[in-house]
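**Q** structure for the following, please:
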Amino acid sequence: MIEIKKISKFFDNNKALDKVNFKLGSEGVVGLLGPNGAGKTTLMRILTGYMNPSEGKIFWDGKKVNTQSIIHKKRIGYLPENNPLYGGMTTREYLKFIADIKNVNDEQINKAIKECGLKNVISQRIETLSKGFKQRVGLAGAILGKPKLLILDEPTSGLDPNQIIEIRQLIKRLATKKLIILSTHILPEAREVCERLILISRGKIVMDEPTKSIKDLEKKFVELTA
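**A** Numbers count the residues shown, from 1 in each chain. Here you go, the predicted model:
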């Protein structure tokens, strides 16, 4: 159980997050939905320890978290929107590089390759891969170390329709074993992949409900973020 309690973030006089509260379980896909500039990326950066909140606390299984601690960061896998890959490396070389940083063995690399469907491109240079496969490589790197929480920032951005379907299916498979927070501003993706939606607008939570219980999602999205 992860609890986000009264998290706020200030940048000079601008409040990017305003007393954000919510709780998360141990598996499934939770959608962090909102327009660009709503505060989604700021919240994810705080969760990953990339930045500290100005106010508020994070609890994991009832214990206050120091987001800068190695213990906390080992619990989390993160795929940012601009997937930071090294094009000159092959798929296997890149995953080996990430595995060495995370101090995990080759068995986990092989498992990640299998889970993310990378068997046929392990010897290819990353710069030669399609964007869909590049996202798969990024996901494979993110799940190394067996994180309990996987944070994905706009994971299907810029993909073609077939690639979008493939990545969505992969996310659903991964969510049977871990908790995934998926940031998106694409309504069909939120409805298709996420079991629960947290709608954020101007740094505040304006809706938090199971996806199936939300009627007229498009209308609510427009109303709540106007």
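**Q** ok, and what's touching the helix or strand bottoming out on mean pLDDT in the chain?
**A** When the helices and strands of the chain are compared on mean pLDDT, DSSP states H and E, helix 217-225 comes out lowest with a mean of 70. Under the contact criterion C-beta atoms under 8 Å, 6 or more residues apart in numbering, helix 217-225 has outside partners 33-35, 38, 187, 190-191, 197, 199, 201, 206-207, 214. C-betas here are computed from N, CA, C, even on glycine.
**Q** please repeat the previous calculation with a cut-off of 6 Å.
**A** Helix 217-225 is contacted from outside by 35, 187, 199, 201, 206, using C-beta atoms under 6 Å, 6 or more residues apart in numbering.
**Q** is it true that the first one lies in a helix?
**A** No: with DSSP: H, G, I helix; E, B strand; the rest coil as the criterion, residue 35 is located in coil rather than a helix.
**Q** give me the phi and psi angles of it.
**A** Note on residue 35: its backbone torsions stand at phi -70, psi 170 [degrees, to the nearest 10].
**Q** what does residue 212 give?
**A** The phi/psi pair for residue 212 (degrees, to the nearest 10) is phi -60, psi -20.
**Q** neighbours around it, how many?
**A** Residues near residue 212, counting by other C-beta atoms under 10 Å, number 9.
**Q** any of the contacts of helix 217-225 buried? List them.
**A** Those of those that meet the buried threshold are 187, 199, 201, 206, by 16 or more other C-beta atoms under 10 Å.
**Q** kindly reformat those as TSV containing distance to residue 133 and secondary structure.
**A** TSV is the format used below for the buried ones among the contacts of helix 217-225 (distance: C-beta to C-beta, whole Å; DSSP: H, G, I helix; E, B strand; the rest coil):
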residue	distance to residue 133	secondary structure
187	26	helix
199	31	strand
201	34	strand
206	36	strand
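**Q** which one of those is nearest residue 77?
**A** Within the buried ones among the contacts of helix 217-225, the smallest distance to residue 77 is 24.0 Å, found for residue 199 (C-beta to C-beta).
**Q** pairing partners for the closest one in the sheet, please.
**A** Beta bridges link residue 199 to residue 33, residue 207, judged by DSSP bridges.
**Q** ok, residues contacting stretch 181-198?
**A** With C-beta under 6 Å, 6+ apart, stretch 181-198 has contacts from 22, 28-33, 35, 40, 151-153, 168, 171, 208, 210-211, 217-218.
**Q** show the residue spans covered by the strands in this protein.
**A** Taking DSSP state E, the strands of the chain run over residues 2-11, 14-24, 28-33, 55-60, 63-64, 76-79, 149-153, 179-184, 196-201, 204-210.
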